[in-house]
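Here's a sequence, model it:
(2 chains)
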Amino acid sequence: MKIATFNINGIKARAEVLGRWLDDSAPDVAVLQEIKSVDENFPREIIESRGYHLETHGQKGFNGVAVLSKRPLHDVVRGLPGDEDDDQARWIEATIGDTGLRICGLYLPNGNPTPGPKYDYKLAWMARMETRARALMTAEQPLVFAGDYNVIPQPADAARPQAWTEDALFLPQTRAAFRRLEVLGLYDALRLRHPEPGIYSFWDYQAGAWPRNDGIRIDHLLLSAQAADCLTDAWVETGPRAWDKPSDHTPVWIDLDL
DNA sequence: ATGGTAGGGGGCCTA
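So this is what the prediction gives:
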């Protein structure tokens, strides 16, 4: 089962890219981030016309996540549990058909500028995600936490790590919070298959970052042990970053033999 | 030290 995460940076602006990607790459399951649409205005036909079930969790203007699957989606949760006052649409969960696999699609806060309230929100959100992950892990089922983490885990995950030392994506506290998810027993799927440096999933639109390959790896799939045991492949699909009207992110994939 | 680009929405904010 092929599972992808793709920050599309606006569903309406990315209709053509998303359709082409679904036709070319045919994921079984995908999570999308930054749909930047309320649920009522989401152009569902792009996805449903290709035979996918779809659940969205959007809001006006920014953020917004979705999950799509060729198999039915059950037990959908919208919003990261643990804070009734948080109205940002950054989390969606669903169980995939009768596979027993639960997928969590996430758009972790950027956190810049630092220090400040946005960075405080990022760290609080990561602590809340850790709590949610711990709760889900008690069921000892295959779990996939996929999305835009806005975290550069290691210097090898940036073309120019020194340029990010003061950034919310790479500060020690950010990396420590990501590491705590791994300490819980979650595995960075790409690194299980590809330890080498130089693999990126995001290139800024500005300053020729893409042609200069000035990228960072911030889109991740973390797996419970039960999912990691089924992992047969993981890779980053860089092709869509070179298409017309691209997202600034590109899809990241895993293949699970469930 | 700055500004470089993109998307959404209807006025600057987010990234």
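
Could you check stretch A:219-236 and say which residues are buried?
A:219-224, A:226-228, A:231, A:234, A:236 (16 or more other Cβ atoms under 10 Å). C-beta: built from backbone N, CA, C; applies to glycine.

Would you mind measuring from A:Gln206 to DNA strand B?
Using Cβ to the nearest atom of the strand, to the nearest Å, we find A:Gln206 at a distance of 4 Å from DNA strand B.

can you count the residues close to that residue?
8 (other Cβ atoms under 10 Å).

Need the pLDDT of it.
Note for A:Gln206: predicted pLDDT of 94.

And the strands in the stretch 151-258 of chain A?
Counting by DSSP state E, counting those that start in this stretch, the segments of the stretch 151-258 of chain A that form strands are A:187-188, A:219-223, A:231-236, A:252-256.

Nearest approach to A:Leu68 belongs to which of those?
Nearest to A:Leu68, of all the strands of the stretch 151-258 of chain A, is strand A:252-256, at 14.3 Å by Cβ to Cβ.

Tell me if A:Leu54 really is in a strand.
Yes: counting by DSSP: H, G, I helix; E, B strand; the rest coil, A:Leu54 is found in a strand.

Contacts only, for it.
For A:Leu54, the contacting residues are A:44, A:47-48, A:66-68, A:73, by Cβ atoms under 8 Å, 6 or more residues apart in numbering.

Output the strands of the stretch 151-258 of chain A in a markdown table, with mean pLDDT appended to each entry.
As requested, the strands of the stretch 151-258 of chain A are arranged in a markdown table below (pLDDT from 0 to 100):
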| stretch | mean pLDDT |
| --- | --- |
| strand A:187-188 | 98 |
| strand A:219-223 | 98 |
| strand A:231-236 | 98 |
| strand A:252-256 | 98 |
